[in-house]
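Asks: Model the following, please.
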Amino acid sequence: MTNTFTALEAAQDEVTPEYLRKGTKTVLLEVATGTIGCIKSQKKKKWISDESFAAIREMKEAKEPIPRTES
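Replies: Sure thing, here's the model as predicted:
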């Protein structure tokens, strides 16, 4: 009686999950780059400028109550 799965067992020893993951990742990146293309990342602008922060500080200071002096 011979083992019919010896070739399959030998192939499983050669192919590791890490090898399959790297191969899959490489293929997916190549296909995605060819199909979609690369998009260069853009620098994000500040959503509130320094002038806006200064205006907010001034408004907060204006809202603070003036300390009373006892006379």
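Asks: can you give me the strands in this structure?
Replies: With DSSP state E, there are no strands along the chain.
Asks: And the helices in it?
Replies: Residue ranges of the helices in the chain, as given by DSSP state H, are 6-14, 17-35, 50-63.
Asks: Could I get the average pLDDT for stretch 35-42?
Replies: Across stretch 35-42, pLDDT averages out at 81.
Asks: what about dumping the CA coordinates of that stretch to PDB?
Replies: Taking C-alpha atoms only, stretch 35-42 is exported to PDB below (Å, rounded to 0.1, in the frame of the first residue of the first chain):
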ATOM      1  CA  THR A  35      -5.700  49.500 -12.100                       C
ATOM      2  CA  ILE A  36      -6.000  52.500  -9.800                       C
ATOM      3  CA  GLY A  37      -2.600  54.100 -10.000                       C
ATOM      4  CA  CYS A  38      -0.700  55.800  -7.200                       C
ATOM      5  CA  ILE A  39      -2.100  58.800  -5.500                       C
ATOM      6  CA  LYS A  40       0.500  61.200  -4.000                       C
ATOM      7  CA  SER A  41      -0.300  62.100  -0.500                       C
ATOM      8  CA  GLN A  42      -1.100  65.800   0.000                       C
END
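Asks: Could you number the chain from 443 rather than 1 from now on?
Replies: Shifting the count to begin at 443 puts that one at stretch 477-484.
Asks: Can you get me a residue count around Lys505?
Replies: 7 (other Cβ atoms under 10 Å). Heads up, the C-betas are built off the backbone N, CA and C, glycines and all.
Asks: What of Ile481?
Replies: Neighbour number of Ile481 under other Cβ under 10 Å is 6.
Asks: Including distance to Lys486, could the helices of the chain go into a markdown table?
Replies: Formatted as a markdown table, those follow (distance: least, Cβ to Cβ, whole Å):
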| stretch | distance to Lys486 |
| --- | --- |
| helix 448-456 | 46 |
| helix 459-477 | 23 |
| helix 492-505 | 16 |
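Asks: rank those helices by pLDDT, which is bottom?
Replies: Averaging pLDDT over each of these puts helix 448-456 lowest, since it has a mean of 68.
Asks: how far away is the residue most central in space within the chain from Leu470?
Replies: For the chain, the residue nearest the mean C-alpha position is Ser483 (11.8 Å; Cα atoms, centre = their mean). The gap separating Ser483 from Leu470 is 20 Å, by Cβ to Cβ, to the nearest Å.
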